[in-house]
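Trainee: Provided below for reference: sequence and predicted model.
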Amino acid sequence: MWQTQDTRAPLPSRARLPCCAMPAEPSLPDTAVRHMGAIAVFCGSLPGADPRHVDAARDLGTLLARRGITLVYGGGRVGLMGAVADGALDAGGRVVGVIPQSLVDRELAHTGVTELRVTSSMHERKALMASLADGFVALPGGAGTLDELFEAWTWTMLGIHLKPCAVLDVGSFYAGLRTHVSRMTSEGFIRPEHAQGLIFGTAGTELLDAMARWRAPVPKWTTKPPTP
């Protein structure tokens, strides 16, 4: 039975702080394995032209469920969103959807998820997803997927949160992005250690394992390592 929670009242204090004021989380000892209790998945609300994209979304949802990791996602029932949610649910996993009221009104919400959080705006949606997740994975998608991924990655660079960001590169969909990240790095707009903070992989298992081993770099505009 799905539950709906209206989050249009003020978000928890951590989620509604301006980005520059949001407290950083503690880093991990070198020997520790990062606990990944919940992962936010960013992906398309359309299925895409390549059927491998839908298959990869379902497989990732299944993998998260089998590892006991809660899926946090955009709350939709369509496209890759619906596929990743269904994959997790069919495998007995816990799924938290976060969706703005405007999309609920268009009947795009997935009514079969474990919990559905309804927000008043896209901005609140992203902030809440970030606060609920221990890491982020992007599947193939469009402009919204890139917006969510880049914001999460930027927050890691700035030390606003210390959470791994990863890209599941299905069928070389993100090959161009990987090349452009290298270009931004070589041109001096992104530091190499921050470029490495965007983890690329072609298989869900290797991606989750890499996220668990990830260590936060020194945040931008500081010479101090993350607070232990």
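Mentor: Cool, the structure landed.

Trainee: which residue is nearest the centroid of this structure?
Mentor: Nearest to the mean C-alpha position of the chain, by Cα atoms, centre = their mean, lies Phe136 at 2.7 Å.

Trainee: tell me who's in contact with Val137.
Mentor: 39-42, 60, 166-168, 207, 211 (Cβ atoms under 8 Å, 6 or more residues apart in numbering). Placement of C-beta: from N, CA and C, glycine included.

Trainee: how about a cut-off of 6 Å?
Mentor: Each residue near Val137 by Cβ atoms under 6 Å, 6 or more residues apart in numbering is listed here: 39, 41, 166, 168.

Trainee: let me see the ranges of the strands in the chain.
Mentor: 3-6, 38-42, 70-73, 95-100, 115-119, 135-138, 165-168, 198-201 (DSSP state E).

Trainee: just to revisit the earlier point, so how far is His35 from the residue nearest to the centre of the chain?
Mentor: 15 Å (Cβ to Cβ, to the nearest Å).

Trainee: stretch 161-169: which residues count as buried?
Mentor: 161-169 (16 or more other Cβ atoms under 10 Å).

Trainee: name the residues that touch it?
Mentor: Contacts of stretch 161-169 (Cβ under 6 Å, 6+ apart): 24-25, 27, 135-139, 152-153, 155-156, 174, 198-200, 202, 207, 211, 214, 216, 226.

Trainee: could you redo the last one with a cut-off of 7 Å?
Mentor: With contact meaning Cβ atoms under 7 Å, 6 or more residues apart in numbering, stretch 161-169 is reached by 22, 24-25, 27, 56, 60, 130, 133-139, 149, 152-153, 155-156, 174-175, 197-202, 204, 207, 210-211, 214, 216, 226.

Trainee: what ranges of this structure fall below the confidence cut-off?
Mentor: 1-32, 223-228 (pLDDT under 70).

Trainee: could I get the full set of helices for it?
Mentor: Using DSSP state H, the helices of the chain run over 13-16, 51-66, 79-90, 101-105, 122-132, 143-158, 175-186, 192-195, 204-213.

Trainee: can the ones you listed go into TSV with extra columns for distance to Thr111?
Mentor: Below are the helices of the chain laid out as TSV (distance: least, Cβ to Cβ, whole Å):
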stretch	distance to Thr111
helix 13-16	24
helix 51-66	17
helix 79-90	11
helix 101-105	10
helix 122-132	18
helix 143-158	21
helix 175-186	33
helix 192-195	39
helix 204-213	26
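
Trainee: tell me the most buried of those helices?
Mentor: helix 79-90 (a mean of 24; mean count of other Cβ atoms under 10 Å).

Trainee: can you name every helix or strand that it contacts?
Mentor: Under the contact criterion of 3 or more Cβ pairs under 7 Å, 6 or more residues apart in numbering; DSSP states H and E, helix 79-90 touches helix 51-66, strand 70-73, strand 95-100.

Trainee: and that helix, C-alpha only, in PDB?
Mentor: C-alpha atoms of helix 79-90 as PDB (Å, rounded to 0.1, in the frame of the first residue of the first chain):
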ATOM      1  CA  GLY A  79       9.500   6.200 -19.000                       C
ATOM      2  CA  LEU A  80      12.700   5.100 -17.300                       C
ATOM      3  CA  MET A  81      11.300   6.400 -14.000                       C
ATOM      4  CA  GLY A  82       8.500   3.900 -14.000                       C
ATOM      5  CA  ALA A  83      10.900   1.100 -15.100                       C
ATOM      6  CA  VAL A  84      13.400   1.700 -12.300                       C
ATOM      7  CA  ALA A  85      10.600   1.900  -9.700                       C
ATOM      8  CA  ASP A  86       8.900  -1.300 -11.000                       C
ATOM      9  CA  GLY A  87      12.200  -3.100 -11.000                       C
ATOM     10  CA  ALA A  88      12.700  -2.400  -7.400                       C
ATOM     11  CA  LEU A  89       9.100  -3.000  -6.300                       C
ATOM     12  CA  ASP A  90       8.900  -6.300  -8.100                       C
END
